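Visitor: Sequence and predicted structure below; questions after.
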Amino acid sequence: MRIGFVVGRFPTLSETFVISQMVGLMKRGFEVGIVCEGITDYPHLDRSKESLSVLLAHTHDWWGKFGNLRPKIDRLPAKIKDKVSAGLDTLSVRRLNDFDAVVAHFGQNGARVARLKKRVSIKPPIVTIFHGFDVGVPLRENGLKQYRDLFKLGSLNLTVNQLFRHMLTEAGAPHDRTAVHHMGIDVTQIPFEWRSREGGPLQLISVCRLIEKKGIEFSLRALGQLYASRSELDWRYTVVGDGPLLDNLRDLTNELGISNRVTFLGSLAHHDVKLWLARSHVFILPSVTASNGDLEGVPVALMEAMASGLTVLSTYHSGIPELIEDHETGFLAAERDVSALADKIGWIVEHPQVCRNIAHAARQKVEGEYNAETLNDQFAGLIAKLVRGSSAQLGL
């Protein structure tokens, strides 16, 4: 059975969950091909891995040899660009029709295939997986109207959390063809280890792209407030990741007087990220709804931190409360609530034994509900049923 994945640029460091799902299908006997918006050359992705090298050998640009024209086309007036892009998309019709099913990661890519299906014959069923910005941003802009064709012509809409399923069905997605399917992690590759805090400072860490919805501004402000009110607490904060807000965040640490306790490491290879996580005690991701409506789904970084034994602190944002229950599997504060975040950090400092119990519960939560092996089994079964029958037989 041949499955075609339609994605943006590929491969992308921040979307390792996409690669994980592709590899999961290959391990279960599926053939996988990729249609993308350009092949990237990220330095921190290990292209020597057999799975990634196999995927890259079966990766093709939407526009084939004309993909190098993309920068010029992007500069065209919007209407002309749209018309030219739609014409070039037809170059992938034959390739898409060679698959038994098309899996589009992110709503915009699903809508792109549906738009093509409206104009020409696209035979395979279209499965679209919605992750975050593809729900929040278009909802803010036009109430998800851009997905009308997809809701009509797509075979299955999968969302990474319950909130997004509700948003999509409210906007017109068919209830019987819209379901929740979590992304997950390979827990067998993440050993659980409780880190003792004795003999040194509390080590806090964030691993994320430095963009608005990740909320790193608020973790810094919370630590600044904690430093001002309880300067005797010994802590260090490490931020792994790059992005457009890096310089602003560095300036903020100076403004708050905590630059000597905060380190920005930039982007790191996954192996190096795991080493830094192993040195840390608390993982912070104070996610917020961005000004353009961008949302998290259920962040994989939180799953990895919970699986490894870190105490996690996040926010009541999007699907995060589906993963973390406050004081049960981690800690949650309201979005942008600096004082609440500071109080939570202070509580974590003072209650290491309770946090140890919570960390064990967090590992069990991830093993039970966000285990990539189990989820890939479910996804493979879902795709096989869809190809062999109809969406009515899926039992959603």
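Guide: Great, that's in hand.

Visitor: which residue is nearest the centroid of the protein?
Guide: residue 299 (5.3 Å; Cα atoms, centre = their mean).

Visitor: so that residue touches residue 284, yeah?
Guide: No. Counting by Cβ atoms under 8 Å, residue 299 sits too far from residue 284 to count as a contact (11.7 Å). Heads up, the C-betas are built off the backbone N, CA and C, glycines and all.

Visitor: what's the overlap in contacts for these two?
Guide: residue 314 (Cβ atoms under 8 Å, 6 or more residues apart in numbering).

Visitor: residues near residue 388, how many?
Guide: By the criterion of other Cβ atoms under 10 Å, residue 388 has 10 neighbours.

Visitor: Please read off the pLDDT at it from the model.
Guide: We have a pLDDT of 91 for residue 388.

Visitor: can you tell me which residues contact it?
Guide: Per Cβ under 8 Å, 6+ apart, neighbours of residue 388: none.

Visitor: quick one: it from residue 1, how far?
Guide: 9 Å (Cβ to Cβ, to the nearest Å).

Visitor: residue ranges with poor pLDDT in the protein?
Guide: 42-50, 390-396 (pLDDT under 70).

Visitor: can you pull out the strands in it?
Guide: In the chain, the strands defined using DSSP state E lie at 2-6, 31-36, 59-61, 101-105, 126-130, 156-159, 178-180, 202-207, 235-240, 262-266, 282-284, 311-315, 331-333.

Visitor: Show me what counts as buried in stretch 8-25.
Guide: Residues of stretch 8-25 classed as buried by neighbour count (16 or more other Cβ atoms under 10 Å): 10-11, 13, 15-25.

Visitor: okay, how far is it across it, tip to tip?
Guide: In stretch 8-25, first residue to last residue: 19 Å (Cα to Cα, to the nearest Å).

Visitor: do stretch 65-80 as well
Guide: End-to-end distance of stretch 65-80 (Cα to Cα): 20 Å.

Visitor: buried set for that stretch?
Guide: 67, 73.

Visitor: For it, give me every contacting residue.
Guide: Contacts for stretch 65-80 (Cβ under 8 Å, 6+ apart): 37-38, 61, 63, 81, 84-85, 88, 91.

Visitor: Just give the number of residues close to the closest residue to residue 227 other than its chain neighbours.
Guide: Distances taken as Cβ to Cβ, 6 or more residues apart in numbering place residue 258 nearest to residue 227, at 5.4 Å, with adjacent residues excluded. Applying other Cβ under 10 Å, we find 20 other residues in the vicinity of residue 258.

Visitor: Next up, the contacts around the residue nearest to the centre of the chain.
Guide: For residue 299, counting by Cβ under 8 Å, 6+ apart, the contacting residues are 208, 285, 287, 314, 320.

Visitor: For the residues you listed, could you give me CSV that also reports neighbour count and distance to residue 152?
Guide: Shown next, in CSV, are the contacts of residue 299 (neighbours: other Cβ atoms under 10 Å; distance: Cβ to Cβ, whole Å):
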residue, neighbour count, distance to residue 152
208, 22, 36
285, 24, 36
287, 25, 32
314, 28, 36
320, 22, 31
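
Visitor: Any idea which of the strands of the chain gets closest to residue 293?
Guide: strand 126-130 (13.7 Å; Cβ to Cβ).

Visitor: Pull up the pairing partners for that closest one, direction included.
Guide: In the sheet, strand 126-130 lines up against strand 101-105 (parallel), strand 156-159 (parallel) (DSSP bridges).

Visitor: closest one to residue 246 among the ones you listed?
Guide: With Cβ to Cβ as the measure, strand 101-105 is the member of those nearest residue 246 (26.4 Å).

Visitor: got a list of contacts for the closest one?
Guide: Contacts of strand 101-105 (Cβ under 8 Å, 6+ apart): 1, 3-8, 15, 18, 96, 110, 112-113, 122, 124-129, 131, 383, 386-387.
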